[in-house]
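Trainee: Predicted model and sequence follow; I will ask about them next.
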There are 4 protein chains.
Amino acid sequence: MSEYFPDVPSIAYAGADSRDPLTFRHYDPDAIIEGQTMRSHLRFAAAFWHTMRNDLSDPFGSGTAIMPWDDGSQSLENAERRIEAFFEFLDKIDIDFYCFHDRDVAPEGSTVSESRANLEHMASVLERHQASSGRKLLWGTACLFSHPRYVHGAGTSCSVDVFAHAAAQVRSAIDVTHRLGGGGYVFWGGREGYSSLINTDMARERQQLARLLEMAVEYKHQIGFKGTFYIEPKPMEPTTHQYDFDVAACLDFLREFGLLDEFMLNIETNHATLASHSMDHELSAAAAAGVLGSIDANMGHEHLGWDTDHFPTDIYLTARIMRIVLAMGGIGDGGLNFDAKRRRGSFEPVDLFHAHIAGMDAFARGLKIAAAIRADRRLDEAIQARYASWDDGLGQDIMNGSCTLERLEAHAASIGEPSMTSGREEMLDAIFNDFIR
Amino acid sequence: MSEYFPDVPSIAYAGADSRDPLTFRHYDPDAIIEGQTMRSHLRFAAAFWHTMRNDLSDPFGSGTAIMPWDDGSQSLENAERRIEAFFEFLDKIDIDFYCFHDRDVAPEGSTVSESRANLEHMASVLERHQASSGRKLLWGTACLFSHPRYVHGAGTSCSVDVFAHAAAQVRSAIDVTHRLGGGGYVFWGGREGYSSLINTDMARERQQLARLLEMAVEYKHQIGFKGTFYIEPKPMEPTTHQYDFDVAACLDFLREFGLLDEFMLNIETNHATLASHSMDHELSAAAAAGVLGSIDANMGHEHLGWDTDHFPTDIYLTARIMRIVLAMGGIGDGGLNFDAKRRRGSFEPVDLFHAHIAGMDAFARGLKIAAAIRADRRLDEAIQARYASWDDGLGQDIMNGSCTLERLEAHAASIGEPSMTSGREEMLDAIFNDFIR
Amino acid sequence: MSEYFPDVPSIAYAGADSRDPLTFRHYDPDAIIEGQTMRSHLRFAAAFWHTMRNDLSDPFGSGTAIMPWDDGSQSLENAERRIEAFFEFLDKIDIDFYCFHDRDVAPEGSTVSESRANLEHMASVLERHQASSGRKLLWGTACLFSHPRYVHGAGTSCSVDVFAHAAAQVRSAIDVTHRLGGGGYVFWGGREGYSSLINTDMARERQQLARLLEMAVEYKHQIGFKGTFYIEPKPMEPTTHQYDFDVAACLDFLREFGLLDEFMLNIETNHATLASHSMDHELSAAAAAGVLGSIDANMGHEHLGWDTDHFPTDIYLTARIMRIVLAMGGIGDGGLNFDAKRRRGSFEPVDLFHAHIAGMDAFARGLKIAAAIRADRRLDEAIQARYASWDDGLGQDIMNGSCTLERLEAHAASIGEPSMTSGREEMLDAIFNDFIR
Amino acid sequence: MSEYFPDVPSIAYAGADSRDPLTFRHYDPDAIIEGQTMRSHLRFAAAFWHTMRNDLSDPFGSGTAIMPWDDGSQSLENAERRIEAFFEFLDKIDIDFYCFHDRDVAPEGSTVSESRANLEHMASVLERHQASSGRKLLWGTACLFSHPRYVHGAGTSCSVDVFAHAAAQVRSAIDVTHRLGGGGYVFWGGREGYSSLINTDMARERQQLARLLEMAVEYKHQIGFKGTFYIEPKPMEPTTHQYDFDVAACLDFLREFGLLDEFMLNIETNHATLASHSMDHELSAAAAAGVLGSIDANMGHEHLGWDTDHFPTDIYLTARIMRIVLAMGGIGDGGLNFDAKRRRGSFEPVDLFHAHIAGMDAFARGLKIAAAIRADRRLDEAIQARYASWDDGLGQDIMNGSCTLERLEAHAASIGEPSMTSGREEMLDAIFNDFIR
């Protein structure tokens, strides 16, 4: 077996003062935070598509990435070699999990059955690598957006025949995810939306999508797959409007079609950004509804209107994410999947390592900061104190449903103008900054 | 009784070639479209706040509007004079409906009961004007965002006492709306959101808001108010994030708290814009869910990130709105409320007329265009034809729940690659343009 | 010679009531507007790249376009066949001009000289088609953004060797444009910007770019090319920041490096949109500076943050554009180049016709509306009247430089508070609407 | 003299581990960085308008700020009391500089001469406080946007009489700034733009604005004012488009009207944000042109489309700003003016302290981080190394103007495909993060 990254060593923790860029300065996998290892808190995953299949092309230019392991062919041999390179990468970067689309790992065949056969063959290759390396599948998914047949959508296509192809692909991908012991399966609605309402029946398309998900749920139970089903919010791109716009739109959809018990959300920072939300907001909204399942760890550029999938290096961002994750008791069977790509100018293989190190260290710092904020208690207590008037008496009567407008009017009249307290936002921001270190 | 717009005549329909700006060129109230008068299709309303209370100040400067009827005082006499001027305006512009906040028409008192008394006094004035003019109340609402006590929210305030004040105001405003025969009552969550999550318990605040709405529903039924309750989506401004972000967020909220049967939506174009949605999208989403109740007719400037509340003059916009409204069988008890303000430079009283004429004529054209598109049938038929494969056989089996992934995989395998048809978006856009005339 | 669009007739003017989508309803090439034919006012051009080379792939999926004339190879024969198909398209759609990048028409060779030879060969093919069809080259350009070598920029590359390759390409492309009688040559700085300032010396890169343009100017004069050099503003995409951000940034650049006399601007609607400007603004700013040279006629989707290159179908947009163009006495040697692509779902060859018809008819209407507004005079007169106080006396003294702050203070003191007049924006918007018909 | 902040102590440096929110954890004014004190590097200024005049009202609600020193009147006594409170604030927070608009400190009179007299009276009060406290005026300015007469602009008004009032105000404000020893004078074009092009002659308005600036320059030299004149970019708000859109637009304007030698720029983070630029970009662009004069230190919320004027607490932002400032040898006579306001919910007087502490500490950290990055050298060296090919030979020939397209084509042909090097953006981002501590 060749070595594909011969000049890159295994990446090790070397401490905050290390000047060697091929070391972790903060990610110390066995360090203990709140009683668990960093490794088990963070559950990092690498994305097969960005790591192995993204040639860094963009709408204005062809690929720049140097990929010595890839001969550019659609052959199974080439596909196997990519997997070898990928697992070498996972070993050297010390990431435990990975994620893939069916078409990332296996070439599409000329028939449905050939496609299935290709995928199953590659699953056996992945199975072997998993066994020898101990790496695990965080989640699998089907690519229902790249092939021209999905131009008008997959589950939301105007063509029943295209819907059937999508269903076939979903079935195979679930089968393979199940076989590989995947922790979950993601539905990202890449083309489940519209280009324009001038030729679209939105109500119909959303019903179709619900049916596809319902059949997938039935199938999952039938085959005994115990992993989590996720849907992934994104507001736009490639379509003009995607039905899974944001957390609220996904929740509304799941509630409308009675699917809320069967799905959790996989939330991506850059998708939150595109929807004009902060990542905190989306995570908090999902956590409050009990559906925060997994995270696509990247970030966007605030002035750009497309999905830039930057590696997540903003420590404020990672600290806020990990504070929410710790508050809900950890990410469970989900993880932090680097759905992130190097910039087009970072085209050398070693840049894959630099980029993942940048993201992993940023999350390690975020974890440490979040734990310190929690231990300090001041920020949590400030929120509790602010709502103290709701914790008994009239507040509790309101919340438990035993109050009326009349009684409240009488109360308001009796107290006169309420006394008011500052929200102290700037002071709290400054305290938060005290932990950024 | 004085005349407040002495130089402005009653505005009359004068035909498309009129060069007199104080005439309607398209709004011919008694013209028949699809069997009904324009007047009954459009159900225009004027907003008391923008028409009578907006002095055109902005964050960078004081008011410019010339308002000879307003002496600047908080007196009831002044409040009565404003109402006189308003009804003269309604008569001359020939708008049948109006909308108001409690604080628009009645000064806040120094106590809860004084505020209630002021509002009830002004309601009697409004009642008299309604009776003599035949003008009607489209909807009423309470202003829960202007007073400093609502700085941290009203229903979502961290203070129970503030919540009680909000409840008191809501009760009075519902009472008065009921008394005036209002067609509905709107909840716009102006400060029901947050400035920052650093001091906010979002889950708690949303539960509080739900309780306020539940009590309002109970009260409505108790007093026998038959009008519609509306919530109004807006994503941000004044707060950083408002809980009623968009149609999807409102639907999700109503479903979560079991309120979907009790509320419809009042949808505003500029709020849709701020949420990165087209107005078509928001209206279609609400109509599909059966909750499109009323419309705040304005528009925003696409490059500006705040609520500009322009008068709606884009004929594409009005045509698209009216096409959706006609398709659902009309706006029902709702209407088209001009929640729109003149630009700060349009500070003369006559500009109120110019601005409303611009909006009314644009909607009249939108109505005529939409009716012509419907009569032509080509655009509707294009959509029906596109989804024809779903109308029987396999398509129907999928939709009625009697299909599985396995059967679909078999179908996909049997048909090979689906045949594909262009979506013809540009051709349909050109046909749409044929009706813009 | 084969026919490549056998089912598409020559597109003819059939009047506003035509229901045949393969007709012009407004573009009547020989109709006279303000003393000239529509054809000569509009000077439409088709873009070779979008018409012949764009397979409608996007970052999330492979191409969908059906292109029977293209065998997918890099051969010269294939390149010739594309040109045959293109000229058939130009003939049938009756567009007089076209635009191309070097790499659109000729495959890149394995050496600089092979690339030059390929381009010169294809130029002879284009020359022959021009001669037989009467179609003309509006402008040519070099593609300095697609090849991986331009990953860090072309003129702004950190590598002198890459800069040399860019220079070589520019020279060949100018040679060929000159030979084909092109009216101009465009520099669009696709990668002349940065991904991040963390590895960029912006001052240095702007100086490099200025040098490339200076050498191109010297070369142009040396070979006697009389066409116009254009630069084309775009704020971002593919880079994070492009140096030619908007009209103001281009003007500043040209002034700084003494190039203002040698360049005009080619302005694209969607690029204006991305820079948070209206197209009116950009055109007005360029026209005021005397550098409005040519127009890339497309439009963007207001809620999407990337260059969508929609065909221009908004009649407000086309009317505003043509009003500015007529006011400056016509577009001169420039034209209206459809830098626009069909949506991905419009993948049939006939959609090329539908899309261009939609754009051409929209511009024909814009032209008629603009001419009617000009004939009416009310909108122009409103502006003149507004500034009347500047036309003599103190106003003229200020403008000709013979006034001081002291004299103005004395004047202000003497007059007291100035009398103020409404800007009448809504009334003027309504008058504008009267011409949308 | 009363004490206005009786419960707030003088704020002192207490080290990074201090848990007392009314201490500096990083701003140690006498600490030495790169050979100078923090105090002299940072040159903090407080904004009179936000500190003393901003009642935290917004377009949706009235003021919330508690200001015990302000009786709400327009009297000179009240104005004097505000100044007393302000200087107590400056003393306790230990900020050396301040900035003001004429109308912030002195009430507008009923005539031009009364306004001048009021301003001169208040200048004598400020003079006295400056003398006793040692605090200094960073810059002054005139408020040309709040009064209704400026509704259509000040320098760009369609009315000569309004222009004259603006000129009178500018003259008085320059006089007073000169008298108070101000380091500079700022022109922020709050209403120097347009609401709509439908009633605007943009070319004319820009010429008017240039004339106002020219007269101000003449006046400055006449009276011997040695401070710097600044213009301040902002793209929009309150107007739809402001002529001083961004750094590039300001530079273009100054070049066009021959004013580049007389003006520098005062650059505000939130204005950069609104123009879709990073603050780094705007500062780098201004520094490269030699016109980076002073900084309005605040920040915006990335998802909000209006000027939020948050206090600057993002350490990435402050580190990037200070790295640019240090690289150009310091901010000179300019400073860091907190053009920032507390959130509306932070309405207690002590919140003024919390907010400024948050901003000052963030800048102190930014300064320390920037100095550490500079001492480390790796980031600067990475940029130098990247452009090494330009430092001699062909690169120098190109830059000094002794090269041609022909020679470059020959060079490109001779070398074949250039060798390419990764831009290492992610590695550099990770190194930057190593200094965030």
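Mentor: In hand now; what should we look at?

Trainee: Could you see whether chain B lies near stretch A:244-258?
Mentor: Yes - applying C-beta under 8 Å from any C-beta of the partner chain, one finds stretch A:244-258 in contact with chain B at A:F245, A:D246, A:A248, A:A249, A:L251, A:D252, A:R255, A:E256. All C-beta atoms are positioned from the backbone trio N, CA, C, and that covers glycine.

Trainee: Could you check how far that stretch is from the centre of its chain?
Mentor: Relative to its parent chain, stretch A:244-258 has a centroid offset of 17 Å by C-alpha atoms, centre = their mean, to the nearest Å.

Trainee: quick check: mean pLDDT across it?
Mentor: For stretch A:244-258, mean pLDDT rounds to 98.

Trainee: Repeat that for stretch A:370-390.
Mentor: 98.

Trainee: And stretch A:196-205, by the same measure?
Mentor: Stretch A:196-205 comes out at a mean pLDDT of 98.

Trainee: Return the set of buried residues in stretch A:418-434.
Mentor: A:418, A:420, A:422-434 (16 or more other C-beta atoms under 10 Å in any protein chain shown).

Trainee: what residues are up against A:L56?
Mentor: A:G63, A:T64, A:A65, A:K341, A:R342, A:R343, A:R344, A:S346, A:F347 (C-beta atoms under 8 Å, 6 or more residues apart in numbering or on different chains).

Trainee: could you dump those residues to JSON lines with distance to B:D307 and neighbour count?
Mentor: Converted to JSON lines, the contacts of A:L56 look like this (distance: C-beta to C-beta, whole Å; neighbours: other C-beta atoms under 10 Å in any protein chain shown):
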{"residue": "A:G63", "distance to B:D307": "43", "neighbour count": "16"}
{"residue": "A:T64", "distance to B:D307": "43", "neighbour count": "24"}
{"residue": "A:A65", "distance to B:D307": "44", "neighbour count": "21"}
{"residue": "A:K341", "distance to B:D307": "36", "neighbour count": "22"}
{"residue": "A:R342", "distance to B:D307": "39", "neighbour count": "27"}
{"residue": "A:R343", "distance to B:D307": "36", "neighbour count": "25"}
{"residue": "A:R344", "distance to B:D307": "38", "neighbour count": "25"}
{"residue": "A:S346", "distance to B:D307": "41", "neighbour count": "26"}
{"residue": "A:F347", "distance to B:D307": "44", "neighbour count": "21"}
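
Trainee: Identify those among the buried residues of stretch A:418-434 that sit within helices.
Mentor: A:E425, A:E426, A:M427, A:L428, A:D429, A:A430, A:I431, A:F432, A:N433, A:D434 (DSSP state H).

Trainee: Chain D next: which of those are close?
Mentor: Residues of these in contact with chain D (C-beta under 8 Å from any C-beta): A:E425, A:E426, A:M427, A:D429, A:A430, A:I431, A:N433, A:D434.

Trainee: Let me know the pLDDT of the closest residue to A:R81 other than its chain neighbours.
Mentor: The shortest distance from A:R81 to any residue other than its chain neighbours is 5.1 Å, reached at A:W69 (C-beta to C-beta, 6 or more residues apart in numbering or on different chains). You'll see A:W69 listed with a pLDDT of 96.

Trainee: what does A:S2 give?
Mentor: So A:S2 comes in at 77 (pLDDT).

Trainee: That one contacts A:E84, correct?
Mentor: Yes - the criterion here is C-beta atoms under 8 Å, and A:S2 meets it with A:E84 at 7.4 Å.

Trainee: which of these two has more neighbours?
Mentor: Per other C-beta atoms under 10 Å in any protein chain shown, whichever of A:S2 and A:E84 has more neighbours is A:E84, with 16 against 10.
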